[in-house]
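In: Need a 3D model of the following:
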Amino acid sequence: MNDRNDAVQAGGATDSPTDAAEGPEELRRRIETTREQLGVTVEELAAKVDVRARAKARSAELKGKAAEAGHVVQGKAAQAGHVVQGKAVEAGHVVQGKAVEAGHVVQERMPQPVRDAATAVVQAGLRYRKPVLIAGGAVVAAWLLRRRRTGRR
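Out: Numbering: from 1, shown residues only. Model (predicted):
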């Protein structure tokens, strides 16, 4: 039978006599160090094997990135909206100016009798609103009936 203090052959290696000379305290310290290293290694392996925890961590990371990207897109959309709004206002002013200019040109070129007649019609329409609305409704109704009879829609 082998005694623990004897040199033991394990896998072709022998314990050297210097190991026995270190003393029990040194061996206990080495064992404790090895245990700590083994504990750290086991924790690292357990973390790598824990798919659920890794998936949660990755999910949280991706969620943060998505939120950040959403804020970036939202900011760019707001900026683009302001640019478009500014251009629309500018275009509206240009169109309004052209319409006023065209109105002045038409008014200048229109003969005086036609201008007087148009002014009279507008003033009469403002004075007698109900009859004008009734007459306008009758014209629209007649137009719709005529259109229906001819088969156009």
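In: May I ask you to name the longest helix in the chain?
Out: Across the chain, the longest stretch assigned as helix under DSSP state H is helix 51-109.
In: Can you spell out which helices and strands pack onto it?
Out: On a contact count with 3 or more CB pairs under 8 Å, 6 or more residues apart in numbering; DSSP states H and E, helix 51-109 meets helix 24-49. Yep, even glycine has a C-beta here, placed from its N, CA and C like the rest.
In: follow-up on the earlier one: after the longest helix of the chain, next one along is what?
Out: helix 112-127 (DSSP states H and E).
In: Poorly predicted segments of the protein, please.
Out: 1-21, 152-153 (pLDDT under 70).
In: Give me the angle between the longest helix of the chain and helix 24-49.
Out: 40 degrees (axes from the mean of the first three to the mean of the last three CA atoms, to 10 degrees).
In: Show me how far helix 51-109 is from its chain's centre.
Out: On the basis of CA atoms, centre = their mean, to the nearest Å, helix 51-109 sits 13 Å off its chain's mean C-alpha point.
In: Can you tell me how far the residue most central in space within the chain is from Ala46?
Out: Residue closest to the average C-alpha location in the chain (CA atoms, centre = their mean): Gly70, at 3.9 Å. Distance of Gly70 to Ala46, computed by CB to CB, to the nearest Å: 35 Å.
In: swap in Ala88?
Out: 61 Å.
In: Could you do Ile134 as well?
Out: From Ile134 over to Ala46 the distance is 89 Å, taken as CB to CB.
In: Repeat that for Arg35.
Out: For Arg35, the distance to Ala46 equals 16 Å [CB to CB].
In: One more: Ala57?
Out: With the distance defined as CB to CB, Ala57 ends up 14 Å from Ala46.
In: And Glu61, by the same measure?
Out: According to CB to CB, Glu61 and Ala46 sit 20 Å apart.
In: can you check Arg115 too?
Out: 94 Å.
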